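**Student:** the sequence isn't on hand, but the structure is:
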């Protein structure tokens, strides 16, 4: 069996770059989402055998911390809107990268 090392290197570099792009834009999108005044707060879900389940008191404390952080945001309304638009654009880049990878896998 002969291994085409050049093709292997191309696939490795493409996978590495793709993963770096998705992770970077997702992290940037989350950061901009928080700066835009909409921090992601996910309500806890009750699962059997869950590792961690937040109590109602912990949930209220987290919501209070989110509200406090939003009140301290020094950005104007226009800057918040711009940050939210940029966050959604970052998430769109992530979705496009994943979709392009799937299409490349399916149709190549």
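**Tutor:** Now that the structure is in, tell me what you want to look at. Note that the structure is a prediction, hence the values are computed from the model and not measured.

**Student:** tell me the mean pLDDT over the one helix or strand residue 85 maps to?
**Tutor:** Using DSSP states H and E, the element containing residue 85 is helix 77-107. The average pLDDT within helix 77-107 is 92.

**Student:** helices or strands next to that helix in the packing?
**Tutor:** If you count contacts as 3 or more Cβ pairs under 8 Å, 6 or more residues apart in numbering; DSSP states H and E, helix 77-107 packs onto helix 5-35. Every C-beta, even on glycine, is put in place using the N, C-alpha and C of the backbone.

**Student:** helix or strand right after the helix it packs on?
**Tutor:** Downstream of helix 5-35, the first helix or strand assigned by DSSP H and E is helix 56-71.

**Student:** buried ones in the helix holding residue 85?
**Tutor:** Residues of helix 77-107 classed as buried: 80, 83-84, 86-87, 90-91, 93-94, 97 (neighbour count, 16 or more other Cβ atoms under 10 Å).

**Student:** which residue packs closest to the spatially most central residue of the chain, ignoring adjacent ones?
**Tutor:** With distances taken as Cα atoms, centre = their mean, residue 26 lies nearest the centre of the chain, 3.3 Å away. Leaving aside its chain neighbours, residue 26 sits nearest to residue 94 (5.1 Å; criterion: Cβ to Cβ, 6 or more residues apart in numbering).
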